[in-house]
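Enquirer: Structure, please.
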Amino acid sequence: MAQQESPMSLIESIRKQVTPIHPEGYVFIASFGVATLVLGSFFSPLGWIGAFATAWCAYFFRDPVRQTPLDEGLVISPADGVISAVGFFPPPPELGLGVEPLQRISVFMSVFDCHVNRAPVAGRIVKIAYKPGLFLNADLDKASEDNERNGLVIETAAGRFGVVQIAGLVARRIVCFVRQGESIGVGDRIGLIRFGSRVDVYLPGATRALVTIGSKAVAGETVLAELRAGANRRAFKSS
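Expert: Numbers count the residues shown, from 1 in each chain. Presented below is the predicted three-dimensional model:
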């Protein structure tokens, strides 16, 4: 006779199937839930609408575990979304990366994408620069210059990388999880943007992009570019 699964192992199995929620979202989910109860007490259809909005809010703040390649020659996507730009552009002046165009890969996040951002490479954060600005559609190229943004410069053996979180039309809050001088690993969580936005990655030297405009990217997993020719056997980490 097959051995029955214990209640504790059953609960653990269910927990493994549930995507974690980032703590940044708790207050928003609770607010949506309270609003749902209040609206539903006056008019039940509003309660159903509120329940849908609460479920969407929980979905927005999801923070799934990712399997990140650990090859030092790879640049990993910092965000979930669609590749909206691949080319050479001048980096934001506040990053101190010079005035010459650098190769940039942009990832546009819709309100349905996971918005927890991750480090594209391992290294040390040598600069964090916040710049207030507008809230244009983040899919527009001029959003890189005009929108509110928060930039990180990550120093590695291959050079300095710029990672810029850009607020969008709906996004009104950029949250940074890291500090200047801190060392981070590839795939580590570096921040979050509410609610729909973009992340730009500026690449040093002779870096070869491995994605094209319209490609789908997954933060902490999708390889955006490689820093050298040839591919080594890759190790992965869960984070």
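
Enquirer: After the helix or strand Gly50 falls within, which helix or strand is next?
Expert: In this assignment (DSSP states H and E), Gly50 forms part of helix 44-60. Sequence order places strand 67-69 as the next helix or strand after helix 44-60, per DSSP H and E.

Enquirer: Flag every buried residue along the helix holding Gly50.
Expert: 47, 50-51, 54, 57-58, 60 (16 or more other CB atoms under 10 Å). C-beta coordinates here come from the backbone N, C-alpha and C atoms, glycine included.

Enquirer: Could you export the residues you listed as JSON lines, including pLDDT and distance to Leu102?
Expert: Formatted as JSON lines, those follow (pLDDT from 0 to 100; distance: CB to CB, whole Å):
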{"residue": "Gly47", "pLDDT": "82", "distance to Leu102": "51"}
{"residue": "Gly50", "pLDDT": "84", "distance to Leu102": "45"}
{"residue": "Ala51", "pLDDT": "86", "distance to Leu102": "46"}
{"residue": "Thr54", "pLDDT": "85", "distance to Leu102": "42"}
{"residue": "Cys57", "pLDDT": "76", "distance to Leu102": "36"}
{"residue": "Ala58", "pLDDT": "81", "distance to Leu102": "37"}
{"residue": "Phe60", "pLDDT": "75", "distance to Leu102": "31"}
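
Enquirer: Point out the other helices and strands that the helix holding Gly50 packs with.
Expert: If you count contacts as 3 or more CB pairs under 8 Å, 6 or more residues apart in numbering; DSSP states H and E, helix 44-60 packs onto helix 26-42.

Enquirer: How many residues are close by Arg124?
Expert: 13 (other CB atoms under 10 Å).

Enquirer: worst-scoring helix or strand of this structure, pLDDT-wise?
Expert: Sorting the helices and strands of the chain by mean pLDDT, DSSP states H and E puts helix 7-17 at the bottom, at a mean of 56.

Enquirer: got the contact list for the closest residue to Lys216 other than its chain neighbours?
Expert: The shortest distance from Lys216 to any residue other than its chain neighbours is 6.1 Å, reached at Val82 (CB to CB, 6 or more residues apart in numbering). Listed by CB atoms under 8 Å, 6 or more residues apart in numbering, the contact set of Val82 reads 107-108, 110, 214-217.

Enquirer: Okay, buried residues for the helix or strand hosting Val82 please.
Expert: Element membership of Val82 [criterion: DSSP H and E] is strand 81-89. Neighbour counts using 16+ other CB under 10 Å place 81-86, 89 of strand 81-89 among the buried residues.

Enquirer: Stretch 93-101 too?
Expert: 94-95, 97.

Enquirer: Show me the contact partners of stretch 54-64.
Expert: 19-22, 24-25, 28-29, 32-33, 36, 111-112, 114-116, 189, 195.

Enquirer: let's see it at 6 Å
Expert: Applying CB atoms under 6 Å, 6 or more residues apart in numbering, the contact partners of stretch 54-64 are 19-22, 25, 28-29, 32-33, 36, 114, 116.

Enquirer: ok so, going back, of the buried residues of stretch 93-101, closest to Gly40?
Expert: Minimum distance to Gly40 across the buried residues of stretch 93-101 is 46.4 Å, recorded for Glu94 (CB to CB).

Enquirer: next one: phi and psi at the closest one?
Expert: Backbone torsions of Glu94, given as degrees, to the nearest 10, read phi -70, psi -10.
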